[in-house]
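>>> With the input below, show me the fold.
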Amino acid sequence: MSSRPKVVVIGAGAFGGWTALALQRQGADVTLLDGWGPGHGRSSSGGETRIIRASYGPRRLYTRMAARALYLWRQHDTDWGHGCLQTTGALWMSGADDRFGQESAAALRDEGLPVEVVSVGDAADRWPQVSFTGITSVLFEPEAGVLSARRACAAVVDRFVADGGTYRMAPVAAPRQLEVVTFDDGTTLEADAIVYACGPWLGALFPDVIGPRITATRQVVHYFGTPPGDTSFASPHLPVWLEVGDVVMYGFPADAQRGFKIADDTSGRPFDPSSDPRVITSDDIDPVRAYLAARFPGLSNAPWISGEVCQYEASPDADFIIDTHPESSKVWIVGGGSGHGFKMGPAIGELMADAVLGDSAPDPAFSLHRFAGGHAATAKWSPGASSS
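Alright, predicted model coming up:
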């Protein structure tokens, strides 16, 4: 590359925006492209909020990455003053199988992150809003919290432009020539390196290399109304929470005047993020309402206020994909956030800048080579999924 390499980053979501910013700050000449804008309504980085946490059970690579991301989020939040990080802690609840909690607690301690193993009785006293029926293990991660998703994406792009980067809202087509960016109108753009961070659209852009190895699935989040004047379901009285067991549910305290946010983490049906309707029906609402009444009795009659249809862009094993295209070391593919990638944005940006500029290589766990000979085994559960 030249002394000031020219890099094009396609996709201004959590992965692409932070990558563009990190490259710009390391001296590259960066152009960032997105068809609809940072954190737009069709993207996997859109919506109101995400959870940031470092509990990953035995998957310690992600615990380390999340710890670094949390440090960077705090640093940027202080430097920029955008208020996109709110520390609430995270309450993890498990049934009879508490291996995830035990392995998470060990990994957090090893990384120097605080963690509390709480008895069910103490948890019931501490969080009386929650019914702990059927729960046998409780873990509290005090440094976890909430990120403002769409607002953070916009803040990153604003900072990128302020630092001298070029941002264009322009749709990109599947490449006709691998090492040249092709726009929908047929015009092209050349660069020393190209980073495709296009989330659920990566499969269509690279049908042979990615194809079904990234699958968009329909996911629904819900907001239920809390009783007037009742602050017990808001922070600091209630943290973000996640239940791991026969069901995997997660939710947020009723902050920001939106209501009590809750969602089922189970992967939904395949979904086209560009054109499929984002309509919510009673089939989406009723099972969540039943869970809400059982786990949070004070919300048993809570009205459904609103909801959002978003998507995961999941790899078969829920690991990220961060690698060069098999036919060109100039073309990078980063995606497969699998619902747990948003919070990793600042750490991904650092990693990608170092990789693109040749300073270090991504972890082999993210390599496309793991798919050799067929798809990797489907992940049984991607903890935290679209919450984080």
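
>>> Grab the most central residue of the protein for me.
What sits nearest the mean C-alpha location of the chain, by Cα atoms, centre = their mean, is Phe342, with 2.5 Å.

>>> Surely that one touches Ser148?
No: contact criterion Cβ atoms under 8 Å: Phe342 and Ser148 do not qualify, at 10.7 Å. Just so you know, the C-beta spots here come from the backbone N, C-alpha and C atoms, and that holds for glycine as well.

>>> Just give the nearest non-adjacent residue to Trp332, would you?
Distances taken as Cβ to Cβ, 6 or more residues apart in numbering put Val195 closest to Trp332, at 4.5 Å, once the chain neighbours are dropped.

>>> what sits against the one you found?
Counting by Cβ atoms under 8 Å, 6 or more residues apart in numbering, Val195 touches Val7, Val8, Val9, Ile10, Gly16, Thr19, Trp332, Val334, Met352, Val356.

>>> The fifth one: what secondary structure?
Classification of Gly16 by DSSP: H, G, I helix; E, B strand; the rest coil places it in helix.

>>> Repeat that for Glu313.
Glu313 - assigned by three-state DSSP - is strand.

>>> Show me which residues of the helix ranked longest in the chain are buried.
Longest helix in the chain by number of residues (criterion: DSSP state H): helix 60-80. Buried positions in helix 60-80, judged by neighbour count with 16 or more other Cβ atoms under 10 Å: 60, 62-70, 72-74, 76-77.

>>> cool, stretch 258-268 as well?
Buried residues in stretch 258-268 (16+ other Cβ under 10 Å): Gly259, Phe260, Lys261, Ile262, Ala263, Asp264, Asp265, Ser267, Gly268.

>>> Determine which two of those are furthest apart.
Gly259 and Ser267 (24.4 Å; Cβ to Cβ).

>>> Wait, Pro223 touches Gly259, no?
Residue 223: Tyr, not Pro. Yes: assessed by Cβ under 8 Å, Tyr223 is found in contact with Gly259 at 3.7 Å.

>>> Give me the common contacts of these two.
Joint contacts of Tyr223 and Gly259 (Cβ under 8 Å, 6+ apart) are Ile305, Ser306.

>>> For Gly336, see how far away Gly37 is.
22 Å (Cβ to Cβ, to the nearest Å).

>>> Comparing the two, which shows the higher neighbour count?
Gly336 (25 against 16; other Cβ atoms under 10 Å).

>>> That one contacts Thr215, correct?
No: with contact defined as Cβ under 8 Å, Gly336 does not count as touching Thr215 (9.6 Å).
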